[in-house]
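Visitor: just to be clear, the model below is a prediction. Sequence and coordinates:
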Amino acid sequence: MAARNDRQAPDAEAQGGGVQSVDRALQILEIIARQGDAGVSEIAEEMGVHKSTVSRLVGSLLGRELVRQNSERGKYQLGFGILRLASSVPGRLSVVRAASEVLEGLAAQYKETVNLAVLRSNFAVNVDQAMGPSTLATYDWVGSLTPLHATSSGKVLLAALPTNERDTIFKGVGLPARTPRTVTNRAQLEKQLLDVTRQGYAVVHEEFEIGLTAVAVPIFSHLGTVIAAVSISGPNFRFSPEEQPGLIDGLREAGMAISTRMGYQRR
């Protein structure tokens, strides 16, 4: 029995070394992706390993075309093998699929209606929803087109657009008042959008519908662009996101969780 255990030990050690090598190779890819290109010395310094270790792993990545060497600078960049791996994913990642479980968790935790919205044809369209347990949270918003300037999700989506794209939208649909509290002044709206970008969330009180308050945060793609917004909404008499401890931070974390599933790397 002892002899057999002795024979198995090197296998276990090799297996552990193999896992470590895989982990280090992934670290190298992440460093190169983050920096755009990197040399053996700087990779080794960041990872805290010997340059020979990095050279060996980079050689394997080169063989798989996961990295390539810049002939002018001698540094390494991501290779076309990465694209082949990415193209093997069936279809494009669906933000609805990625968000579904998170939406349900938010609705259960905060007991209000949670919506996922994307930008379509100058409007925010709700593409998924999770209902809170309250009997008042019964309206189905899925498929509804809502004005960008009067909703929390819409303001998150607007804040991510360049000024010229916002110009095009407002020329097409204007800034109509949905309630007496709707912001219809462009300069005032632009100031709010700057706040949304700075704070990372948008809150609206009765701008879209009297008695309705909502808060939304962005969802990012793997490229770091805003592709959707997730919101929580509820009646004014019980829902005040700025005053509810932890709600905005919890919504931010939920947005980041969905973004991570979409390939976004937190910076």
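Guide: Noted; the coordinates are in hand. None of these values were measured; they are calculated from a predicted model.
Visitor: how close does Thr197 get to Ala216?
Guide: Thr197 sits 13 Å away from Ala216, taking CB to CB, to the nearest Å as the criterion. C-beta here means a position set from N, CA and C on the backbone, and glycine is covered the same way.
Visitor: which one of the two has more residues nearby?
Guide: Neighbours per residue, other CB atoms under 10 Å: of Thr197 and Ala216, the larger number sits with Ala216, 30 against 14.
Visitor: just the C-alphas of the helix or strand hosting the more buried one, formatted as PDB.
Guide: Following DSSP states H and E, one finds Ala216 within strand 212-220. Extracted in PDB, the C-alpha atoms of strand 212-220 (Å, rounded to 0.1, in the frame of the first residue of the first chain):
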ATOM      1  CA  LEU A 212     -44.300  56.600  -8.600                       C
ATOM      2  CA  THR A 213     -40.700  56.800  -7.500                       C
ATOM      3  CA  ALA A 214     -37.900  54.800  -9.200                       C
ATOM      4  CA  VAL A 215     -34.100  54.400  -9.000                       C
ATOM      5  CA  ALA A 216     -31.900  52.900 -11.700                       C
ATOM      6  CA  VAL A 217     -28.200  51.900 -12.200                       C
ATOM      7  CA  PRO A 218     -26.300  51.100 -15.400                       C
ATOM      8  CA  ILE A 219     -25.300  47.600 -16.700                       C
ATOM      9  CA  PHE A 220     -22.000  47.500 -18.700                       C
END
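Visitor: hey, where'd the helices end up in the stretch 51-200 of the chain?
Guide: 51-63, 80-87, 95-110, 152-159, 163-173, 186-199 (DSSP state H, counting those that start in this stretch).
Visitor: what's the most buried one of these?
Guide: Ranked by mean neighbour count, the helices of the stretch 51-200 of the chain are led by helix 152-159 with a mean of 27 (mean count of other CB atoms under 10 Å).
Visitor: so what are the domain limits for this structure?
Guide: Per automatic domain parsing, the domain ranges recorded for the chain read 2-85, 95-261.
Visitor: just for the protein, where's the confidence low?
Guide: Applying pLDDT under 70 to the chain flags the ranges 1-17, 71-73, 83-93, 134-141, 267.
Visitor: check contacts around Gln77.
Guide: For Gln77, the contacting residues are Ile32, Gly36, Asp37, Val67, Arg68, Gln69, Asn70, by CB atoms under 8 Å, 6 or more residues apart in numbering.
Visitor: nearest to Leu193 among the residues you listed?
Guide: Taking CB to CB as the measure, Leu193 sits nearest to Gly36 out of the contacts of Gln77, at 30.0 Å.
Visitor: so who does that closest one touch?
Guide: Gln77.
Visitor: could you measure from it over to Leu61?
Guide: Distance, Gly36 to Leu61, by CB to CB: 16 Å.
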